[in-house]
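Colleague: Whatever this is, show me its structure:
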Amino acid sequence: MNKKLTILLAGCLLISSIFTGCSKKAAKDETNCYISLEQAKTAAKKQKKPVLVMITQEEGEQNGGSQYFVEHILLNKKFSEYCEKNYIQYRLDFSTKNIQKSAINESASEEEQLAAREYADYLQQGFQFARYLGVSYTPAFYILTKDGYYVAEVEYTEDNLNVELFTEILTDYLKQVDYIESLVKATSRGTTEERLAAIDSLYTVTPTGGKFILSDFAHKAVKLDPENKSGLVGKYYFIIADEKASQLYSEQDEAGAIQAYIDAAESGKMEPVYVQQCYYMAAWILEARSSMDSNQLVEYLEKAYNAAPDSEYAENILESIEYYKTQFKSELMESNE
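Modeller: I've put the predicted structure just below:
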């Protein structure tokens, strides 16, 4: 029943742009679901309800998948009534008919062109959001807290994709919503140690695909313990550096991305394993550059290895060092012939 997501998640936006609305007017589709994540979050916060994210793509699914979900569940009166009480609905529909809505016709009126641009913005934000979540099939469902923090990906099978069983599944996830919200509250209460512990728990229970939403908590952890006296903050320095480097890399500033990792590695505020990751990532970016400095590459890899020679990654890094030394020596000999 699941269909592989075939839409190309093209173009990179700043993570912050995912949460930026395009219009004050409520943007909803024909199924009465929000198509703007920012507006869905605003409604969720106002109504104190979690957000149900629904990702669909209807082509080729006459007897199941997204089209089945839309026709038999999303448009079902009982399901609508259930969501009205428990969830704010946000739908990312990557069907061709919706992609076509974003096409700007030069012969269209100014109002129609504006509507197409807004719709294109919503779609682009949706593409990027799905990309960060790692969506690979449709229909896919995710739950966020009323403040937009990741709770879970909804697990389902073909057998329970009906109104009665699907609403039961969603009801079960409400307990997890309460737990995540309790951790978020705990990050602002109690002693420094207790707040750091709550941030740590929040990162631990949040899957990789949802961690990008937690960026503010990494910065909060660093502010709570700037010298890393607790020994818990090193990874958040790495997360912040990784976020900065990723942003610079997406802007094609490879030198800036490399420097972001090097600055973090030399800050003296991270445990050896994170220092190792910083140097390794700097080497990885450098290796991809057309004008690569081979000596610098090996130097970064050696610093990565020496930072934590007993780590689980050390052996692979050592193999990379030997490989590149052999490769560069061979290239040097060929150039001298």
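
Colleague: Could you tell me how far the helix or strand encompassing Glu243 lies from the centre of the chain?
Modeller: In this assignment (DSSP states H and E), Glu243 forms part of helix 234-250. Relative to the chain's own centre, helix 234-250 is displaced by 13 Å; criterion: CA atoms, centre = their mean, to the nearest Å.

Colleague: packing partners for that helix?
Modeller: The contact analysis (3 or more CB pairs under 8 Å, 6 or more residues apart in numbering; DSSP states H and E) places helix 234-250 against helix 215-224, helix 254-265, helix 272-288. The way it works is simple: take the backbone N, C-alpha and C, and place the C-beta from them, glycine included.

Colleague: From Ala120, how far out is the residue most central in space within the chain?
Modeller: The chain has Tyr132 as the residue nearest its centroid, 2.9 Å off, counting by CA atoms, centre = their mean. Spatial separation of Tyr132 from Ala120 under the definition CB to CB, to the nearest Å is 19 Å.

Colleague: ok, now Cys83?
Modeller: With CB to CB as the criterion, Cys83 and Ala120 are 27 Å apart.

Colleague: And for Asn160?
Modeller: Distance of Asn160 to Ala120, computed by CB to CB: 35 Å.

Colleague: just the strands in this structure please.
Modeller: Remark: strands assigned in the chain by DSSP state E are 3-4, 51-56, 88-93, 137-138, 140-144, 150-153.

Colleague: Would you format the ones you listed as CSV with mean pLDDT and mean neighbour count included?
Modeller: Shown next, in CSV, are the strands of the chain (pLDDT from 0 to 100; neighbours: other CB atoms under 10 Å):
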stretch, mean pLDDT, mean neighbour count
strand 3-4, 48, 14
strand 51-56, 95, 25
strand 88-93, 94, 24
strand 137-138, 87, 22
strand 140-144, 96, 22
strand 150-153, 95, 20
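
Colleague: who wins for proximity to Val233 among the ones you listed?
Modeller: Nearest to Val233 among the strands of the chain is strand 150-153 (21.5 Å), distances taken as CB to CB.

Colleague: Please name every helix or strand in contact with the closest one.
Modeller: Using 3+ CB pairs under 8 Å, 6+ apart: strand 150-153 touches strand 140-144, helix 163-186.

Colleague: Using CSV, list the CA coordinates for it.
Modeller: Extracted in CSV, the C-alpha atoms of strand 150-153 (Å, rounded to 0.1, in the frame of the first residue of the first chain):
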residue,chain,number,x,y,z
TYR,A,150,8.8,16.0,17.1
VAL,A,151,6.9,13.3,18.9
ALA,A,152,6.8,10.2,16.6
GLU,A,153,6.3,8.7,13.2
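
Colleague: Parallel or antiparallel, list what pairs with it.
Modeller: Take DSSP bridges as the rule and strand 150-153 pairs in its sheet with strand 140-144 (antiparallel).

Colleague: What are the buried residues along stretch 189-209?
Modeller: Arg195, Leu196, Ala197, Ala198, Ile199, Asp200, Ser201, Leu202, Tyr203, Thr206, Gly209 (16 or more other CB atoms under 10 Å).

Colleague: Roughly how far does Asp178 sit from Cys278?
Modeller: 37 Å.

Colleague: Contact partners for Ser188?
Modeller: When contacts are counted by CB atoms under 8 Å, 6 or more residues apart in numbering, Ser188 touches Arg195.

Colleague: Give me the phi and psi for it.
Modeller: Dihedral pair for Ser188: phi -120, psi 10, per degrees, to the nearest 10.

Colleague: contacting residues for Ala288?
Modeller: Ala288 touches Glu254, counting by CB under 8 Å, 6+ apart.

Colleague: how close does Ala197 sit to Ala257?
Modeller: 32 Å.
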